[in-house]
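A.B. asks: This is a predicted model, with the sequence first.
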Amino acid sequence: MAAKLLLLAAAAHAFITPVRRLRPMQPLQAIPLDAIELTTQSLAANSALTSTADELAGSLFGASLLPWLAMLYWLKHPKTQAPKGVCFGLTYLLAFVFGSIPAAIGAGALYGASLADADWLHGAAESLLAATNCVVVLGFRDALAGKDDPDRLRTAATYWAGFAILSCLVVIGGNLMAMDAAAHAPWLNGVGNLDNVNEPINALSIPTWIIHTSSLVEWLVAMGLAWRYADVVNRQEWKGVTWGMLPLHTSGIVACCYHLFYNAPELSWCVALQAGCTCLGNTTMAFAMYRLAVASGWSFDDGRSDAEALYARLTRGVSMETVATETPSLVTSTPSSTTASLLGWEDLGDAWALDSDAFFLGKLLALSAFLAYVVKYTPPLIPGSIVDGWSSAGDGVHSGAAALVIVVPTLLNCAKWYQRSQEGAEFVGDI
């Protein structure tokens, strides 16, 4: 019996994060043997689910790289004439990809935990994704304003990458004497976190939550700007790009859902689902850019010529010919009358079109911070009786609730873009 109790305690410490931790000490009570065996089986099942989800996610994330590279090829082809700022922004996403790899390896090697449970590594890596989305948004803003200046975006993105690396070094340096840069050490020292809040130890810090909420908002804004760009340059294939971006937004929702439930082991399927949405989104983006390139005059002969030129460059050092590109002229650069009032997150780009970049990003940051506080600090306000009922509801109920958090916003997002795509239809959606 003693051995089984020790085994249960060790397993529970590894896999269970109590939701309500600050409670008075209760007298010890005898635990029935069948309850111990049932709990042990549940923990083992969750461990197996987590392991399977991680393995599947790794395969899907790896597979998603190829369609993204194909998307970049068609996007950056001279005949496509895509805005240079947008081209750089979507290319910069590779910094997030290759930044997440060492961060995930570090979390596993240092703590035996996933990246989602190492806040200081998690926040730094995810900040590169938020920077990517910002650059994409600013690239579309430049294009709609009739200018194309990717150099300043490159400079800003480079500085941000340096800041993300520095933020990790500060955490490591601050803990070198104790040699225990804790897994749950908050990113940016948890600036903005509220004190005396009853949360699990692996709850995301406010800076990390702001990165997640801003990524969702920024991607929606980029979707709206791509739709707007299609109208002003009279190239409707850009609206297909908006549709192609949709699964990637769902991927972000899945990640936020997983963190909302404190990375619960029974919701490990969210990890695999996020990877699947990412792989699907990269594929739909590649197909959307292929349609755009074909409509712009690209053909498979161009693809063969580019492949031959790349082969010659790699094998014989022959430089590839650089072709000058031009951004399509705008049909109009004035926001449409339907953007006079705010209709949804994706309309922020039009509603704030006259703002400077700094003021525009400041508004997005303030909005993202507000959402982060709501998401982070609403669950701790839930009464203890409801929390206890939720804890005993079972894995099926938890998964069902998480599925609703993912599916409902995704369906609403699809419905909005479908409504907007109807010829002659006036968009009257809401957030």
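C.D. replies: Looks like it came in fine. Numbers count the residues shown, from 1 in each chain.
A.B. asks: And stretch 190-198, how far out from the chain middle?
C.D. replies: 23 Å (C-alpha atoms, centre = their mean, to the nearest Å).
A.B. asks: ok, now which ones touch the residue nearest the centre of the chain?
C.D. replies: Nearest residue to the geometric centre of the chain (C-alpha atoms, centre = their mean): residue 252, 4.0 Å. Going by C-beta atoms under 8 Å, 6 or more residues apart in numbering, residue 252 touches 212, 215, 216, 219. C-betas here are computed from N, CA, C, even on glycine.
A.B. asks: Does the second one touch residue 129 like I think?
C.D. replies: Meaning residue 215. Yes: taking C-beta atoms under 8 Å as the definition, residue 215 is a contact partner of residue 129 at 5.4 Å.
A.B. asks: re earlier: CSV please, covering the contacts of residue 252 and showing distance to residue 117 and neighbour count.
C.D. replies: Conversion of the contacts of residue 252 to CSV gives the following (distance: C-beta to C-beta, whole Å; neighbours: other C-beta atoms under 10 Å):
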residue, distance to residue 117, neighbour count
212, 15, 25
215, 19, 25
216, 21, 20
219, 24, 24
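A.B. asks: Tell me the one among those nearest to residue 112.
C.D. replies: The shortest gap between residue 112 and any of the contacts of residue 252 belongs to residue 212, at 23.6 Å (C-beta to C-beta).
A.B. asks: The closest one: which element?
C.D. replies: Assigned by DSSP states H and E, residue 212 belongs to helix 206-232.
A.B. asks: what about the stretch 101-250 of the chain, any weak spots by pLDDT?
C.D. replies: In the prediction, the stretch 101-250 of the chain carries residues with pLDDT under 70 at positions 171-181.
A.B. asks: what about 50?
C.D. replies: Regions of the stretch 101-250 of the chain meeting the criterion pLDDT under 50 cover residues 176-180.
A.B. asks: same thing with the stretch 251-400 of the chain?
C.D. replies: Segments of the stretch 251-400 of the chain classed as low confidence (criterion: pLDDT under 50) are 333-342.
A.B. asks: Swap in 70 and give it another go.
C.D. replies: Low-confidence regions of the stretch 251-400 of the chain, defined here as pLDDT under 70, cover residues 317-343.
A.B. asks: now the helices for it?
C.D. replies: Taking DSSP state H, counting those that start in this stretch, the helices of the stretch 251-400 of the chain run over residues 269-295, 300-316, 348-351, 357-377, 384-391, 395-421.
A.B. asks: and the ones you listed as JSON lines, adding distance to residue 235?
C.D. replies: As requested, the helices of the stretch 251-400 of the chain are arranged in JSON lines below (distance: least, C-beta to C-beta, whole Å):
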{"stretch": "helix 269-295", "distance to residue 235": "7"}
{"stretch": "helix 300-316", "distance to residue 235": "18"}
{"stretch": "helix 348-351", "distance to residue 235": "18"}
{"stretch": "helix 357-377", "distance to residue 235": "24"}
{"stretch": "helix 384-391", "distance to residue 235": "49"}
{"stretch": "helix 395-421", "distance to residue 235": "15"}
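A.B. asks: Which one, of those, ends up nearest to residue 199?
C.D. replies: Of those, nearest to residue 199 by C-beta to C-beta is helix 357-377, at 8.0 Å.
A.B. asks: and the angle from that closest one to helix 206-232?
C.D. replies: Orientation of helix 357-377 against helix 206-232 (axes from the mean of the first three to the mean of the last three C-alpha atoms, to 10 degrees) gives an angle of 130 degrees.
A.B. asks: can you give me the offset of helix 357-377 from its chain's centre?
C.D. replies: With C-alpha atoms, centre = their mean as the basis, the distance from the averaged C-alpha position of helix 357-377 to the chain average is 16 Å.
A.B. asks: helices or strands up against that helix?
C.D. replies: Taking 3 or more C-beta pairs under 8 Å, 6 or more residues apart in numbering; DSSP states H and E as contact, the helices and strands that helix 357-377 lies on are helix 119-144, helix 206-232.
A.B. asks: which residues sit against that helix?
C.D. replies: Outside of helix 357-377, the residues that reach it under the criterion C-beta under 8 Å, 6+ apart are 134, 138, 141, 192, 194, 197, 203-204, 206, 209-210, 212-214, 217-218, 221, 256, 260, 348, 352, 355.
A.B. asks: for the host helix or strand of residue 166, which positions count as buried?
C.D. replies: Secondary structure assignment for residue 166, by DSSP H and E: helix 150-174. Judged by neighbour count using 16 or more other C-beta atoms under 10 Å, the buried positions of helix 150-174 are 150, 153, 154, 156, 157, 160, 161, 164, 167, 168, 171.
A.B. asks: List the contacts of residue 64.
C.D. replies: By C-beta under 8 Å, 6+ apart, the neighbours of residue 64 are 275, 278, 279, 281, 282, 283.
A.B. asks: what about the second one, how many residues close to it?
C.D. replies: Pointing back at residue 278 there. Here the neighbour count serves as a burial measure; for residue 278 (other C-beta atoms under 10 Å) it reads 25.
A.B. asks: That one reaches residue 60, doesn't it?
C.D. replies: Yes: taking contacts as C-beta under 8 Å, residue 278 lies within contact range of residue 60: 7.0 Å.
A.B. asks: Just list the residues touching residue 302, thanks.
C.D. replies: 77, 79.
A.B. asks: Quick check: it vs residue 90, distance?
C.D. replies: The span separating residue 302 from residue 90 equals 20 Å under the rule C-beta to C-beta, to the nearest Å.
A.B. asks: Stretch 347-360: which residues count as buried?
C.D. replies: Neighbour-count burial for stretch 347-360 flags 347, 348, 349, 350, 351, 352, 353, 360 (criterion: 16+ other C-beta under 10 Å).
A.B. asks: Touching the helix or strand hosting residue 69 from outside, list them.
C.D. replies: Take DSSP H and E as the rule and residue 69 turns out to sit in helix 65-76. Contact with helix 65-76 is made by 80, 82, 86-87, 90-91, 93-94, 97, 279, 282-283, 285-286, 288-290, 292-293, 298, 306, as judged by C-beta under 8 Å, 6+ apart.
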